[in-house]
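In: Based on what follows, work out the 3D shape:
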Amino acid sequence: AELKVYGKLGWLKHYKEVKNPDAIIALCGCMMQQETVLATLRQKYRHVDIVFGTFNLYKLPELVATRMESDRTVYDIWQEHKEVVEDLPIIRHFPYKASVNIMFGCNNFCSYCIIPYVRGKCRSKDPKKVIEEITNLVSNGYKEVVLTGIHLSSYGVDCDDNLLHLIEEIHKVEGIKRIRLGSLEPRLITEDFVKKLCTLEKVCPHFHLSLQSGCEETLKRMNRHYTPQEFIQGVRYLREVFEHPAITTDVIVGFPQETEEDFAITKEFLEKISFFEMHIFPYSKRAGTKAAAMDGQLTEAVRRKPYSIVLFDEIEKANSEVYNILLQLLDEGFITDGLGRKIDFKNTVIIMTSNAGTRQLKDFGRGVGFTTADKTENQEYAHAVTRKALEKTFAPEFLNRIDEIINFNQLTRNDINQIINLELDKFKARCL
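Out: All right, here's what the predicted structure looks like:
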């Protein structure tokens with residue numbers, strides 16, 4: 001991530017010198033709160049005009065004004081800020097769904113993570129302010145909220161509240177139809193939490209539980225405060241109470257001192273859980289973390305080997321699932337979504353991506369705001385949106401048969417096999 005930032009800064013230097021000498025380049029984020037990064041910026045990237053961290057984002061207009069009155073780079077780095085600054089302007093990317101950040105900072109100090117050092121301790125947003133923000137979203141036509149935060153599960157540790165209670169209060173807001181949760185700590189998933197959450201019908205049954213490793217020894221080195229057995233118990237609670245929960249996760253492979261036996265344990269654990277989707281990353285060393293100073297650092301080639309093994313297995317599994325779903329659609333005229341509901345294929349578009357383990361089955365009416373009644377009237381627009389999505393995923397030779405792809409009545413088993421194989425080839429080409 002840091003290399004990408006430096007690369008972008010190099011490009012911006014050329015842009016500023018050649019195309020826009022009056023441009024003001026501002027660089028912000030937790031990366032800038034590291035002493036080593038600041039030293040690099042002062043030495044090699046003097047064309048940057050403003051450098052600031054995460055605690056003082058609200059001061060950007062003031063920092064821009066200061067820079068315009070001066071010929072020097074403005075550095076404004078805070079190492080700590082105890083309060084949450086409320087009512088900042090927010091850019092929304094969807095007309096029906098909004099992310100609501102309720103939690104800042106983290107107290108966990110996982111050995112691979114720099115966040116607690118640069119973003120500070122847990123700070124919860126005032127629950128009254130959260131409800132006020134969501135109420136305003138409803139008045140502007142939003143139907144769905146996604147609760148986010150660096151360590152969502154710790155909400156309320158600093159204000160005598162908790163995440164479940166906040167969700168219950170949001171559930172009472174009239175006009176909100178769906179509540180989604182960001183990444184959750186496995187320890188939060190207790191029997192009591194799950195049973196109470198299940199009574200809130202606006203909560204979408206998608207649970208992202210950050211596993212990181214299925215090997216207990218690796219989890220200890222990561223300073224993760226749960227065991228694989230505790231993780232499994234949480235998954236059991238979710239699957240016992242919710243009919244079809246989508247359980248997703250993050251996994252780090254190639255962690256310092258991880259052996260092939262450790263990786264085999266993790267791989268077996270992933271197969272046992274059978275996640276709906278996995279985000280898999282080779283370990284990336286972060287200066288200033290405890291993991292960066294550990295003995296037994298693995299080479300990049302060694303780190304990426306298990307990464308590729310898991311991904312190839314997962315993409316083949318995902319393609320098999322997609323194949324079976326498409327066959328069901330052809331044979332029976334409907335598919336079953338993640339909630340066990342039957343969806344008529346006439347209102348459904350399938351978008352497959354090249355990401356391992358990912359398939360998205362989207363009710364077209366729900367996805368873009370159409371209803372069955374007005375779908376015919378908006379057919380041209382629906383067709384255009386669908387084509388744009390397919391252009392990002394399907395091989396070019398299928399685009400000249402876009403109408404046949406959209407019309408599942410004309411989609412043959414041979415077409416399905418071709419689509420699956422092309423997607424798999426594209427994915428392998430990206431990995432190798």
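In: can you give me the helices for the stretch 151-300 of the chain?
Out: Listed in chain order, the helices of the stretch 151-300 of the chain (DSSP state H, counting those that start in this stretch) span residues 163-171, 191-198, 216-222, 228-241, 260-273, 300-332.
In: now the stretch 51-200 of the chain, which segments are flagged as low pLDDT?
Out: Low-confidence segments of the stretch 51-200 of the chain, defined by pLDDT under 70: 79-89.
In: switch the cut-off to 80
Out: Counting by pLDDT under 80, the low-confidence segments of the stretch 51-200 of the chain come to 54-58, 78-91, 93-94, 118.
In: so where do the strands sit in it?
Out: For the stretch 51-200 of the chain, strands defined by DSSP state E, counting those that start in this stretch occupy the ranges 74-76, 97-104, 123-124, 144-149, 178-181, 183-184.
In: Adjacent strands (with direction) for the longest one?
Out: Paired neighbours of strand 97-104 in the sheet (DSSP bridges): strand 123-124 (antiparallel), strand 144-149 (parallel).
In: Can you classify Pro21 by secondary structure?
Out: coil (DSSP: H, G, I helix; E, B strand; the rest coil).
In: Give the phi and psi angles for it, as a check.
Out: Note on Pro21: backbone dihedrals following degrees, to the nearest 10 are phi -60, psi -20.
In: What is the neighbour count of Gly141?
Out: The local packing of Gly141 (other C-beta atoms under 10 Å) involves 9 other residues. Any C-beta I mention is one placed from the backbone N, CA and C, and that applies to glycine too.
In: ok, the nearest residue to it once chain neighbours are set aside - how many residues close by?
Out: Leaving aside its sequence neighbours, Gly141 sits nearest to Pro95 (C-beta to C-beta, 6 or more residues apart in numbering; 6.7 Å). Residues within reach of Pro95, counting by other C-beta under 10 Å, total 12.
In: thinking Pro95 is in contact with Asn140, fair?
Out: No. At 9.0 Å, Pro95 does not count as touching Asn140 under the criterion of C-beta atoms under 8 Å.
In: Need the pLDDT of Ile416.
Out: At Ile416, the predicted lDDT confidence score is 50.
In: wait, Cys30
Out: 80.
In: likewise Ala384?
Out: As predicted, Ala384 sits at a pLDDT of 45.
In: do the same with Gly7
Out: At Gly7, the pLDDT value in this model is 89.
In: In a helix, it, correct?
Out: Yes. Under three-state DSSP, Gly7 sits within a helix.
In: that older thread, got the strands of the stretch 51-200 of the chain as CSV, with distance to Cys215 and mean neighbour count columns?
Out: Putting those into CSV (distance: least, C-beta to C-beta, whole Å; neighbours: other C-beta atoms under 10 Å) gives the following:
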stretch, distance to Cys215, mean neighbour count
strand 74-76, 42, 17
strand 97-104, 28, 20
strand 123-124, 32, 22
strand 144-149, 27, 20
strand 178-181, 26, 19
strand 183-184, 20, 18
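In: Can I get those strands in JSON lines including distance to Glu271?
Out: Putting the strands of the stretch 51-200 of the chain into JSON lines (distance: least, C-beta to C-beta, whole Å) gives the following:
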{"stretch": "strand 74-76", "distance to Glu271": "49"}
{"stretch": "strand 97-104", "distance to Glu271": "32"}
{"stretch": "strand 123-124", "distance to Glu271": "37"}
{"stretch": "strand 144-149", "distance to Glu271": "29"}
{"stretch": "strand 178-181", "distance to Glu271": "25"}
{"stretch": "strand 183-184", "distance to Glu271": "22"}
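In: what's the closest of these to Lys290?
Out: Across the strands of the stretch 51-200 of the chain, Lys290 has its closest neighbour in strand 183-184 (21.3 Å, C-beta to C-beta).
In: Which of the helices of the stretch 151-300 of the chain comes out lowest on mean pLDDT?
Out: helix 300-332 (a mean of 56).
In: what's the distance between Gly29 and Ile114?
Out: Applying C-beta to C-beta, to the nearest Å, one obtains 11 Å for the distance of Gly29 from Ile114.
In: next one: Arg46
Out: Counting by C-beta to C-beta, the separation of Arg46 from Ile114 is 25 Å.
In: the more surrounded of the two?
Out: Just comparing Arg46 and Ile114: by other C-beta under 10 Å the higher neighbour count belongs to Ile114, 18 against 11.
In: I figured that one hits Gly288, correct?
Out: Yes. Between Ile114 and Gly288 there is a contact at 5.6 Å, judged by C-beta under 8 Å.
In: which residues do these two both contact?
Out: With contacts defined as C-beta atoms under 8 Å, 6 or more residues apart in numbering, the residues adjacent to both Ile114 and Gly288 are Gln34.
In: List the buried residues in stretch 253-264.
Out: Val253, Gly254, Phe255, Pro256, Glu258, Asp262, Phe263 (16 or more other C-beta atoms under 10 Å).
In: so the residue nearest to Arg92 when sequence neighbours are not counted bridges to which residues?
Out: Excluding its sequence neighbours, the residue lying closest to Arg92 (C-beta to C-beta, 6+ apart) is Ala98, at 5.4 Å. For Ala98, the beta-bridge assignment (DSSP bridges) gives partners Val145.
In: Kindly report the same for the one 5 residues further on.
Out: Beta bridges link Met103 to Ser124, Gly149 when assigned by DSSP bridges.
In: got the contact list for whichever strand or helix holds Lys13?
Out: Secondary structure from DSSP states H and E places Lys13 in helix 2-18. When contacts are taken as C-beta under 8 Å, 6+ apart, the neighbours of helix 2-18 outside the stretch itself are Ala23, Ile25, Leu27, Met31, Val37, Thr40, Tyr45, His47, Val48.
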